[in-house]
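In: Prediction below, plus the sequence it came from.
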Amino acid sequence: MSENVQHHIAIYKKVAAALAVLTVLTVAVSYIDFGVALGIIVALIIAATKGSLVLSFFMHLLDEKKSVPLSRNGIGLIIGSLIITALFFLVIIFVPLMGHADRVGDYYTLPNADAPTVETPPAH
Amino acid sequence: MDIPYIVDERPDTGLTNVKLGIWLFLASEVMLFGALFSSYVLLRLMAPEWPVGSEVLNVPMGTFNTAVLIGSSVTMVFAYASLQMDDLAGFKKFMGATIVLSLVFMVVKGFEYTHEFQIGNFPWTNTYLAIYFTMTGLHALHIIGGVIVNAYFLGPGSKMWATNKTQFTNRIEAAGLYWHFVDLVWIFLFPVLYLL
Amino acid sequence: MADVTTTEETAPVAAEHGHDEHGHDEHGHDEGFWRTYVFSVDHKVIGIQYAITGLLFLLFGFSLMMLMRWQIAYPGEPIPLIGEWLGDERAPGGIMLPEFYNQLGAMHGTIMVFLGVVPLAVGGFGNFVLPLQIGAPDMAFPKLNMASYWTFFPGGVIMFASFFVPGGAANSGWTSYAPLSVFATTGQTMWLVGMIFLITSSLLGSVNFIVTTVQLRAPGLSFMRLPFFVWAQLVTAFLLLLAFPPLEAAGVLQLMDRVAGTSFFMPSGLVYADAAYGGSGGGSVLLWQHLFWFLAHPEVYVLILPALGIVADIVANNTRKPVWGYRVLVASVIFLGFMSFIVWAHHMFLTGMGTTMSSFFQTTTMIISIPSVVILSALFISLYGGSIRFTTPMLFALAFLPMFGIGGLTGLPLGLAAPDLHLHDTYYVIGHFHYVVAPGTLMALFGGIYYWFPKATGRKMSDVLGKIHFWGSFIAINVVFMPMFIQGLAGMNRRMYDGGEQYVMNQDVLYLNEIIGMGAWTLGFFQLFFIYNFFNSIKNGEKVGANPWNATTLEWQAPSPPPHGNFSEPPVAHRGPYEYSVPGAAQDFVMQGEPDQAVADPAKV
C-alpha cells in the first residue's frame, strides 16, 4: 500500500508542475490576438486540460474505472453520473445560446425608444 | 442493524457511501455553476459591448490567486496521501497549509473587491460586473465552506484518527474531492472572467 | 461529513415494538422527546414529519384555491364567513382585491408543488418506504436526512409568513417571471429566500436517496429486483439533483436584481409605473425563463414519478399478479428521466423563438410522451387477468390510471408549437396540468397513504370512510377540472381575478366558473372524511400485523411499525418484487425475502 501511495505522490508532483506550466500558458496565450471565437476555444481547451488533470489525478477519477460487476466497460457509477451531468451541463450552456441565435426579432436587445431617460444616476 | 459501507467498500459497486455521496453532490454543483456560466454566455451575447476582462480586473492578482488555489489543491492531496501513509503529523501540516493558502486567496479577493468598489465598480454598474461579482462571490462562499470543513477536520474532527483510521481517511478523501472541485471551478472562472 | 450510529448501537432488537410509538431506541433508554420526535435521525420519523408537514401545506394551498374559486365564480362579491377577517389590504368589505387574488394564485402553485406534493411524495413516501423496501436499516446518511427536513421546514415557514408582510406574499405567479417579479413587493424576496431553503433541502435529500438505493440494498436485491416504487424514487432523485441547482442560481440572481440593483433579468429601456428603470439594464428576461423552466420541467416529472411507483406497487398487490412489463417500465422511467431535461422550452413557445428551436423542443416533447404512454399502458395491461381486490388503496390507484391518461393526452396539443399558440396561458393548460397532478398524483398519494398507513402505525384506516373519501373526491375533482378544457379552448386566459368576465370571448363559458367552484368546495368537504379518518385511526384503527395486505415487498416483513434499525437481521431477497400467484406456491403470494425451500445460495446479485 505504501509503495502505491509513493507512486501516487510522484504523480501528484508531476501534475502540480504541469498545472503551474499550464497556468502560465493560460495567461501568456491571452496576449495573443486570436479573435473572439478562437480565443475562447483556445482558453477553454487549456482550462479543460488543467481540469482533466485535477479530475483524473487529484480526484482519482482514473482509479474509479474499477472492473467491478456493477460497472460496464469499467465506467462505473461515478463516471456514469458525471457523463450524464456533463451532458446536461452542455445542454444548459448551449441551448439558451442557440435559442438566442434563433430568435425572431430584436425586441430584447434594443432599448425602448420611448423610454423616459434617467436623470439621476442609480442611487445605491 | 448498523449502516454498512461507511468504512469498507461495497463489493459490487466498489464504493463507500461517502464517496458516492460527495461525487453526486459535486454533480449538482456542476449544474449550479453551469447555470451561472450559461447566464454569462447569454448576457455577453446580448450585450452590444462587453468589457475586456484584463482591462477591468487585475490579471496579475488573478494569476497569483490561481497559483495559490492550485497550490492548495496540491497540499490537500498530500494531506490525504499522508493519512494513507499513516502519517498524522504530515496530514496536519498539509491540511494547515491548505487552509492558509485558502485564506490567502480570500485576502487577495478582498483586495480585488475593495479596489473595484473604490473606483465605482459595483454589481449594479453593468451586467459584466454583475456576473463577475456573483460568480466569484459564490465561488468564495464555497471556499469559506471548505475552510470551515477543513478546519474542523484539522481540529476536533481529527480525533477520529485514534478510533477509526479508515473512516477518517475516507472523510478526508471526500473533503479533498470537494476542495479539488472548488479549484476546478476557478480554473474555468479565471480565464473566462479575467482573460476573455 | 455525515456520521452514522456508533458501534455501541449494534445490539440486536430485543422485542418488536408492535403498536408502540417509537419512544425508545434499541437499548430501551429514552432519548427524550426532542431527539425522538423532533430531531430524530430515523428515516421513519423524518418521513412522517415530511408527510404531515406536506399534508398540512396541501390543505393550506387547497384553501387558497377555494378562496380564489369564490372570486372567479362570483367576482366582486364579498367572501362569506371569512371575508371580514382578511382585512382591508386583502379584501376590503370582504371583496377580494386583484392584488390579493394574484398572491393566492402564485402561492397556491408554489405551495402545492414545492411544499405539498414533493415533500409528501418524495420526502414522506420516499423516506419512509424506500429503506424498508430495500431491506436497509435506515438511509445512508441519517443526520443529513434530518438536516434536509429541517432545511425544508424554515423554507415553508418563510413562504407561509410572506402572507403577513406589507404588500403580502409573492404575486407574480409560481413562475416569478422577470421583470414583474423584480418590481414586485417584499413577498417575492421571501419567496426567493424560501426557495433557496427548499432547493437546498431537496439537494441534500436527493444525494441521500441515490446513495441509499445504490449502496444499501439487501443481499440478493439486484437492481432488476427492486420494486418499481424504488426505481421511480431513484430517477426522481436524479432529477432533483441535477435540475434544481439552476433554479437556485436563478433565485440568487433574481434576489440580487431585487435587493442589490443588478440587471440580470432587466432589459435596457424598461419603464415601470411611468418611471424609467434606474438599473444598468442589459439583462435578459428570457434568461430567467430558461433557468426556471430548466428545473420546472423536470419538476413535473418529480411530481408524477413517485405516484407511478406507488400505483405499480398497489396494482400488483391488488391484482395478485406481477406488474406487466417490469423491464419495460424500468427502461421507460430511466428514458423519461433523461428526456425530461431537454424539453423545457415547450413552456416558452410564445417567447419569440424561431422555428429551429421550436421544432427541436416540440420533437423532444413528443418523444417524451412515448415512455409515459408505455408506463401507463403497462399499468393498464397489468390489470388484465388480475384477481382485483377493490381495497381503498386500489380504488385510488385505479382512478389514477385514466386520470393520468387524460392529463397526458391533453398535454399533446400543448407540446406542439402550433396549437400551443392558441392554448398557451389559457385554462386548457390549467386543466391539463391539474389532471396530471390532482386527479393523478394526489389520488395516487392518497392511495399510498391508505396502503402504507398500517405499516407506519400498526393500524388500518377505516375502509368505509376511505371509500366515501374516494368517491366524493373522484367525482368532485372531475367536476372541477374537466370544464377547464372547454374554457381554455374558448380562449379563456389564466390568472384573471375576475374569472374572465371582462372578455367577450369568455362569455359563453363563464357559467362553468360556478360549476367549477361548487366542485372545488365539494372536493374540500370530502377531504374532511380523510382528515378525520387519518387522525382517528392512529388511536382507534383496527390493529394489524406486519403484512395486512398480503404483499410481497420487503417492507411487509418488518413489524408494524418497524423499530429503529427496521429489521433484526438483514433480510435477503430471494426473488423479484411481485411474486403473486406463483404456480404451485402455498399462497397466492411469495414474499421477496422468504427463503427458497431448496437450500440454494440466496445472495446472487
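Out: Now that the structure is in, tell me what you want to look at. Residues are numbered from 1 along each chain as shown, chains lettered A, B, ... in the order given.
In: buried stuff in the longest helix along chain A?
Out: Longest helix of chain A, by residue count under DSSP state H: helix A:2-30. Of the residues in helix A:2-30, A:5, A:8-9, A:12, A:15-16, A:19, A:22-23, A:26-27, A:29-30 count as buried by neighbour count, 16 or more other Cβ atoms under 10 Å in any protein chain shown. (Glycine included, C-beta is placed from N, CA and C.)
In: Now name the helix or strand holding the residue most central in space within chain A.
Out: With distances taken as Cα atoms, centre = their mean, the residue of chain A nearest its centroid is A:Ala48 (5.6 Å). Following DSSP states H and E, one finds A:Ala48 within helix A:36-53.
In: what's that helix in contact with?
Out: Applying Cβ atoms under 8 Å, 6 or more residues apart in numbering or on different chains, the contact partners of helix A:36-53 are A:15, A:18-19, A:22-23, A:25-26, A:29-30, A:33-34, B:184, B:187-188, B:191-192, B:195-196.
In: Quick one: mean pLDDT over the longest helix of chain A.
Out: Averaged over helix A:2-30, pLDDT sits at 90.
In: for that helix, packing partners?
Out: Judged by 3 or more Cβ pairs under 8 Å, 6 or more residues apart in numbering or on different chains; DSSP states H and E, helix A:2-30 is in contact with helix A:36-53, helix B:59-84.
In: Is there any residue in the following helix or strand past the longest one that contacts chain C?
Out: Helices and strands here follow DSSP H and E; after helix B:59-84, the next one along the chain is helix B:88-118. No - against chain C, helix B:88-118 shows no contacts by Cβ under 8 Å from any Cβ of the partner chain, the least distance being 12.7 Å.
In: Return the set of buried residues in the helix or strand just after helix B:88-118.
Out: Next helix or strand after helix B:88-118 toward the C-terminus (DSSP H and E): helix B:127-154. Using 16+ other Cβ under 10 Å as the test for burial, helix B:127-154 gives B:127-136, B:138-140, B:142-143, B:146-147, B:149-151, B:153-154.
In: Then stretch C:387-399?
Out: Here stretch C:387-399 shows C:391-399 as buried, counting by 16+ other Cβ under 10 Å.
In: Stretch C:171-179: end-to-end distance?
Out: Using Cα to Cα, to the nearest Å, the end-to-end distance of stretch C:171-179 comes out at 13 Å.
In: picking that back up, please identify which of the buried residues of helix A:2-30 is nearest to B:Trp161.
Out: A:Val5 (16.6 Å; Cβ to Cβ).
In: Wait, the closest one touches B:Leu83, no?
Out: No - using Cβ atoms under 8 Å, A:Val5 is not in contact with B:Leu83, being 9.5 Å away.
In: Mind picking out the helix or strand in chain B with the poorest mean pLDDT?
Out: Least confident element among the helices and strands of chain B, by mean pLDDT, DSSP states H and E: helix B:53-56 (a mean of 90).
In: Contacts (any at all) between chain C and that helix?
Out: No - judged by Cβ under 8 Å from any Cβ, helix B:53-56 stays clear of chain C, getting no closer than 14.3 Å.
In: C-alpha coordinates for that helix, CSV please?
Out: Output of helix B:53-56 as CSV, limited to C-alpha atoms (Å, rounded to 0.1, in the frame of the first residue of the first chain):
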residue,chain,number,x,y,z
GLY,B,53,-11.6,41.4,-18.7
SER,B,54,-8.0,42.3,-18.4
GLU,B,55,-8.8,46.0,-18.6
VAL,B,56,-11.3,45.9,-15.7
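In: is chain A contacted by it?
Out: Yes - Helix B:53-56 is in contact with chain A by Cβ under 8 Å from any Cβ, via B:Ser54.
In: Does anything pack onto that helix? Which helices or strands?
Out: Looks like helix B:53-56 contacts helix B:127-154 (3+ Cβ pairs under 8 Å, 6+ apart).
In: make it 10 Å
Out: Judged by 3 or more Cβ pairs under 10 Å, 6 or more residues apart in numbering or on different chains; DSSP states H and E, the packing partners of helix B:53-56 are helix A:2-30, helix B:59-84, helix B:127-154.
In: nearest to B:Asn170, of those?
Out: For these, proximity to B:Asn170 was assessed by Cβ to Cβ; helix B:59-84 is nearest, at 9.6 Å.
In: Throw the helices and strands packed on helix A:2-30 into a markdown table and include distance to C:Leu86 and mean pLDDT, thanks.
Out: Shown next, in a markdown table, are those (distance: least, Cβ to Cβ, whole Å; pLDDT from 0 to 100):
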| stretch | distance to C:Leu86 | mean pLDDT |
| --- | --- | --- |
| helix A:36-53 | 55 | 92 |
| helix B:59-84 | 54 | 96 |
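In: Of those, flag the one that's most buried.
Out: helix B:59-84 (a mean of 22; mean count of other Cβ atoms under 10 Å in any protein chain shown).
In: how big is the angle separating it from helix B:88-118?
Out: Calculated by axes from the mean of the first three to the mean of the last three Cα atoms, to 10 degrees, helix B:59-84 forms an angle of 160 degrees with helix B:88-118.
In: Do helix B:59-84 and chain C come into contact?
Out: No - against chain C, helix B:59-84 shows no contacts by Cβ under 10 Å from any Cβ of the partner chain, the least distance being 13.8 Å.
In: domain parsing for chain A?
Out: Domains of chain A are assigned by automatic domain parsing as A:1-64, A:67-105.
In: Now the residue nearest the centre of chain C: closest residue in space, sequence neighbours ignored.
Out: Central residue of chain C (Cα atoms, centre = their mean): C:Val117, 2.8 Å from the mean position. Among residues not flanking C:Val117 along the chain, C:Leu303 sits closest, at 5.4 Å (Cβ to Cβ, 6 or more residues apart in numbering or on different chains).
In: Good, wrapping up.
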